[in-house]
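> could you work out the structure for the sequence below:
(one chain, ligands or ions: 1)
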Amino acid sequence: MKKYFIFFFIFLFISGVAYSQDNETIKTIKNRKSVRHFTGDVVSKDDLKKILEAGMCAPTAVNKQPWNFIAVTDRKILDELADKLPSAKMLFQAGAAIIICALPEKAYNNLTEFAIIDCSLAGENILLAVESLGLGGIWTAAYPDNDRMNTVRKILNIPDNIIPLCVMPIGKPTGEDKPKEKFDEKNIHWDKW
Ligand SMILES: Cc1cc2nc3c(=O)[nH]c(=O)nc-3n(C[C@H](O)[C@H](O)[C@H](O)COP(=O)(O)O)c2cc1C
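Numbers count the residues shown, from 1 in each chain. Here you go, the predicted model:
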């Protein structure tokens, strides 16, 4: 029995050392998780600005930055989005939402694909900034579902040529959602496939 305790403590020590070797950025990346449970607290505009600034730091093809962002804090609009979007019910408890809008006409070679890729990179930056501020967030899909995109366009007055890529509920997490272990050595190829 004593032997098992010793092994257990050695395991705890090694995993503790491995974790503490991660720098702050890697820790934030590893702690990010989709948050679906919020306390209902509001999110400040200062925090939303910091989050959007991080979003706009993302790389884009030929630096075109083919995006706009809608930050929603109005309770009525959050509730309307929650009501009309089947996958974004967590907006009822979230304090804010960010809608990433892709602008194909601003993207490299006017390609929708580049607009989607560029805006998706902004999306991960946003989720990481949210995590780093002690908040929680989640990507809920609008694109490529036409019904969902049109619902978002209608509620938020978005023109038809703009793609509402996703609706991201953001808020104070209850702590129920945890990061998933995803690392799998088998997914890595060294030098060649
Ligand atoms: C393109 C995309 C679309 C997603 N759409 C939804 C969605 O509509 N509803 C939802 O609850 N989660 C959605 N998610 C979140 C994923 O379910 C989540 O990222 C995945 O389960 C992995 O969990 P993690 O984010 O906690 O690592 C989406 C994520 C991505 C990247």
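> quick check: the residue nearest in space to the middle of the chain vs the ligand, distance?
Among the residues of the chain, Leu127 comes closest to the average C-alpha position under C-alpha atoms, centre = their mean, at 3.3 Å. Separation of Leu127 from the ligand (C-beta to the nearest ligand atom, to the nearest Å): 8 Å. C-betas here are computed from N, CA, C, even on glycine.
> what mean pLDDT does the strand or helix carrying that residue get?
Leu127 is located in helix 112-132, with elements delineated by DSSP states H and E. Confidence for helix 112-132, expressed as mean pLDDT, is 99.
> now swap in stretch 65-80 and tell me
Averaging pLDDT along stretch 65-80 gives 98.
> also stretch 163-180?
In this model, stretch 163-180 has a mean pLDDT of 98.
> for that stretch, how far is the first residue from the last?
Between the opening and closing residues of stretch 163-180 there is a gap of 30 Å (C-alpha to C-alpha, to the nearest Å).
> show me what counts as buried in it.
Under the neighbour-count criterion of 16 or more other C-beta atoms under 10 Å, stretch 163-180 has 163-173 buried.
> now stretch 72-81
Those buried within stretch 72-81 under the rule 16+ other C-beta under 10 Å are 72, 78, 80-81.
> near the ligand, which residues of the chain?
By the criterion of C-beta under 6 Å from any ligand atom, the positions of the chain lying close to the ligand are 33-34, 87, 138-141, 180.
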